[in-house]
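[1] The following block contains a protein sequence and its predicted model.
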Amino acid sequence: MKFFTFLLLAFVAVFGTACSTVESRIEDNPGLFEALPQGEREFVLQGRITEGMTHNAVFLAWGRPDETVRGSQNGKAFEAWTYLASRSQIVGGYGVGVGAGVTRRGTFLYQVPVYETVVIRQDFPIRSVQFERGRVTAWSDATLR
């Protein structure tokens, strides 16, 4: 029974979260999209970004980042957005459980082999964007092939 519970949890963790799309983000934020220059609109519609784009254009193209970092590099302030993907794996193994018994001579404890499963979730970066003065200066996308 534990196996099926963990399997269900893994399924929900991977597939059960609501995903936004370029279309849904544009539909939810029409003013942001209309304010973009035509060239940026074309990139956004394709789910792509390029250097020089604004925060709003990147948000519409790629969505809300999973992590945001602000800092300074070579005397220039920057902001970096990171997008994560996750992978879940069900791992099982045998361990030792404890049981108890009662006889005429009293109670006793004993060990029993137990098979248990655990869901391990690993997050890893797949996309990143770096901004300086509110514009994209660098980006990477591991989903491109």
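    All right, it came through fine. Numbering: from 1, shown residues only.

[2] For Gly39, grab phi and psi.
    Per-residue torsions, Gly39: phi -60, psi -40 (degrees, to the nearest 10).

[3] Next one: it relative to Ser140, how far apart?
    Separation of Gly39 from Ser140 (C-beta to C-beta, to the nearest Å): 21 Å. Backbone N, C-alpha and C define where each C-beta goes, glycine included.

[4] Val119: neighbour count?
    Neighbour count for Val119, taken as other C-beta atoms under 10 Å: 17.

[5] Packing partners of the helix or strand that contains it?
    Under the criterion DSSP states H and E, the helix or strand holding Val119 is strand 106-132. Taking 3 or more C-beta pairs under 8 Å, 6 or more residues apart in numbering; DSSP states H and E as contact, the helices and strands that strand 106-132 lies on are helix 2-15, helix 55-62, strand 76-103, strand 135-141.

[6] Dump the shortest one to PDB, keeping only the CA atoms.
    What follows is strand 135-141 as a C-alpha-only set of coordinates in PDB (Å, rounded to 0.1, in the frame of the first residue of the first chain):
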ATOM      1  CA  ARG A 135      17.400  44.300 -19.900                       C
ATOM      2  CA  VAL A 136      18.600  40.800 -20.800                       C
ATOM      3  CA  THR A 137      22.400  40.700 -21.100                       C
ATOM      4  CA  ALA A 138      22.800  36.900 -21.100                       C
ATOM      5  CA  TRP A 139      20.700  33.800 -21.200                       C
ATOM      6  CA  SER A 140      20.900  30.000 -21.500                       C
ATOM      7  CA  ASP A 141      18.300  27.400 -22.300                       C
END
